[in-house]
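>>> no letters, just coordinates:
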């Protein structure tokens, strides 16, 4: 099956490499893949071991006795409220994603499709913000958010991140390529911009929305600097801030730290497994093509 | 192609208006609609991006310690202070060294992985997923694995275990700036985390190269392998390479998470953002000097980006691509 596929597609194609070349190719890829998987393996290994096993004299590839109890121990541990941090991350990542999709897609559509005299100037103002990396503005942003009294709140964690010039830009590029005929048909049927957008454009763009949603969700879940700045009180910590705090704790409980890490990665691995097709397409499509 | 779309942006729009106008007089209503769609975003952009930047510039001329309201106008004193601050200047050196390693390394590794995966005949999706998977991992989680399980200074780290098999003594990877082993730790974390993402970009670009080019080259007698790679693949990947390098540089500028977590207590290897974080939110909470640092850094990034754009021709006629 697999051997016939390439021949059908391109009969003229000269055979690359042959058997030895292919073996070498798969050997190289396999070794690289193994190296890429080792860190994941270490998380699982450590999460299910006891501390003496992790820190023991000799390296052990497998736990002698799988410690499922580490999960309950993690959530019973009172030094860091990991359940609270997980909950915060879930709320923040979901609202961050929904908000960004809503705000940035509308703006991107407006910039791409609605004729307005000064639209170009507005677009350049958006482009200008791309020059200033968001991470550099964290000092002034913190100053602003703290004077609004939003430190340690969901508002502070979520709202300032919604106005992403980059996402707006990606949506604009996408809508520029959206087939006009579909919208014109809707207009003929008497829909305004608003109606055409919600009833024709969005339903026909779900693939792109899904791709952006996945990328945004991953970024929201993984972001660290802003939640670190805003989460002054442990009750407002996200998973990433909680993980970071483990690293400086006085007493290091390896098995708990790695169980927490494993749990923090799990939601994203699930997202990856289920949405990979969109993710790969989305990244390949999102404007950065040659 | 890019230029045609660039022109096409502005022109179809008026055409559409004139077509619609006789029917429903869209002139005023389209302006209204424009603001309806873009308004919420623009208001937020002004409040949460432009105002902070403006405030930061303002604050950088004032004394502001432990408070976000400026107390005393100090002129350029904050700028003098930040530009003579040994730690801050050192952080710029750190960034330069870091970028000099990570940008070419990631470029090479992600391109290499893309070439490998692209040549596979079966299990392609599997290997692509494996290399892509670390994108799901956060810098914090990765730093944790690197610091506590791979590059421990003690025996139970994987790296020391492996070099122990060859009779090499344990190395204190992060605890010592001399020799600077910490660079190996920092660079490998980021390589692992980001290569898969850029591999996807290269894979997409590789699949866009017309097969006829390779067939033509084969007829002209080019040997498959290095010759075709150098004369066909690489030039065809030029646009993607440029974008990738620019993205890598910007990402390197924003380096914070892994440095902060791996070298928390260290005095060496601190990039600019970590220094700014310490300055503004550390023990001294000096927002004035911190803001001055943010302004200096932003200007530096703008200069580098523009300069790179000029050299590599990125951004010209690209604005709508």
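Happy to help now that I have it. Only a predicted model underlies this, so the values are computations on that prediction, with no experimental measurement involved.
>>> mind checking how far the strand or helix carrying residue A:91 is from the chain centre?
Using DSSP states H and E, residue A:91 maps to helix A:82-113. Helix A:82-113 sits 11 Å away from the centroid of its parent chain (Cα atoms, centre = their mean, to the nearest Å).
>>> output the contacting helices and strands for it.
With contacts defined as 3 or more Cβ pairs under 8 Å, 6 or more residues apart in numbering or on different chains; DSSP states H and E, helix A:82-113 has these neighbours: helix A:69-76, helix A:119-131, helix A:154-158, helix A:165-176, helix A:206-222, helix A:239-248, helix A:254-285, helix B:27-45. All C-beta atoms are positioned from the backbone trio N, CA, C, and that covers glycine.
>>> got a markdown table for these, with mean neighbour count and mean pLDDT too?
Shown next, in a markdown table, are the helices and strands packed on helix A:82-113 (neighbours: other Cβ atoms under 10 Å in any protein chain shown; pLDDT from 0 to 100):
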| stretch | mean neighbour count | mean pLDDT |
| --- | --- | --- |
| helix A:69-76 | 15 | 84 |
| helix A:119-131 | 16 | 86 |
| helix A:154-158 | 21 | 94 |
| helix A:165-176 | 22 | 90 |
| helix A:206-222 | 20 | 89 |
| helix A:239-248 | 22 | 88 |
| helix A:254-285 | 20 | 84 |
| helix B:27-45 | 18 | 88 |
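>>> now do the SS call for the most centrally placed residue in chain B.
The structure's chain B has its C-alpha centroid closest to residue B:251; by Cα atoms, centre = their mean the separation is 1.5 Å. Recorded secondary structure, residue B:251: helix (DSSP: H, G, I helix; E, B strand; the rest coil).
>>> contacting residues around the residue most central in space within chain A?
Closest to where the C-alpha atoms of chain A average out (Cα atoms, centre = their mean) is residue A:218, at 1.4 Å. Contacts here follow Cβ atoms under 8 Å, 6 or more residues apart in numbering or on different chains; on that basis residue A:218 touches A:268, A:271, B:135, B:136.
>>> got JSON lines for those, with distance to residue B:181 too?
Putting the contacts of residue A:218 into JSON lines (distance: Cβ to Cβ, whole Å) gives the following:
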{"residue": "A:268", "distance to residue B:181": "30"}
{"residue": "A:271", "distance to residue B:181": "35"}
{"residue": "B:135", "distance to residue B:181": "26"}
{"residue": "B:136", "distance to residue B:181": "28"}
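>>> now, which of those sits nearest residue B:31?
residue A:271 (39.8 Å; Cβ to Cβ).
>>> touching, residue B:61 and residue B:71? I think so.
No - look at residue B:61 against residue B:71 with Cβ atoms under 8 Å: they stay out of range, at 11.8 Å.
>>> and residue A:47, how close does it get to residue A:23?
35 Å (Cβ to Cβ, to the nearest Å).
>>> those two: who's more crowded?
Legend: neighbour count by other Cβ atoms under 10 Å in any protein chain shown for residue A:47 and residue A:23, higher for residue A:47 (25 against 11).
>>> distance of the more buried one relative to chain B?
11 Å (Cβ to the nearest Cβ, to the nearest Å).
>>> next: residue A:19.
12 Å.
>>> how much space between that residue and residue A:261?
42 Å.
>>> for residue B:73, phi and psi?
Main-chain dihedrals, residue B:73, degrees, to the nearest 10: phi -70, psi 130.
>>> leaving out chain neighbours, which residue sits closest to it?
residue B:62 (5.8 Å; Cβ to Cβ, 6 or more residues apart in numbering or on different chains).
>>> where's that neighbour relative to residue A:33, distance?
Taking Cβ to Cβ, one finds residue B:62 at 54 Å from residue A:33.
>>> counting neighbours, go ahead and name the busier of residue B:61 and residue B:71.
residue B:61 (19 against 12).
>>> tally of neighbours for residue A:61?
Quick note: residue A:61 (other Cβ under 10 Å) scores 7 neighbours.
>>> can you tell me the SS state at the nearest residue to it once chain neighbours are set aside?
Closest residue in space to residue A:61, ignoring its immediate chain neighbours: residue A:45 at 7.3 Å, by Cβ to Cβ, 6+ apart. Using three-state DSSP, the secondary structure recorded for residue A:45 is helix.
>>> what's near enough to touch residue A:45?
Residue A:45 neighbours (Cβ under 8 Å, 6+ apart): A:61, A:62, A:63.
>>> can I take it that the last one is in a helix?
No - according to three-state DSSP, the state of residue A:63 is coil, so it is not within a helix.
>>> quick one, what contacts it?
Here residue A:63 is in contact with A:45, A:48, A:49, A:50, A:53 (Cβ under 8 Å, 6+ apart).
>>> can you give me the pLDDT of it?
Note on residue A:63: pLDDT of 80.
>>> so how far is chain B from it?
Taken as Cβ to the nearest Cβ, the span from residue A:63 to chain B is 14 Å.
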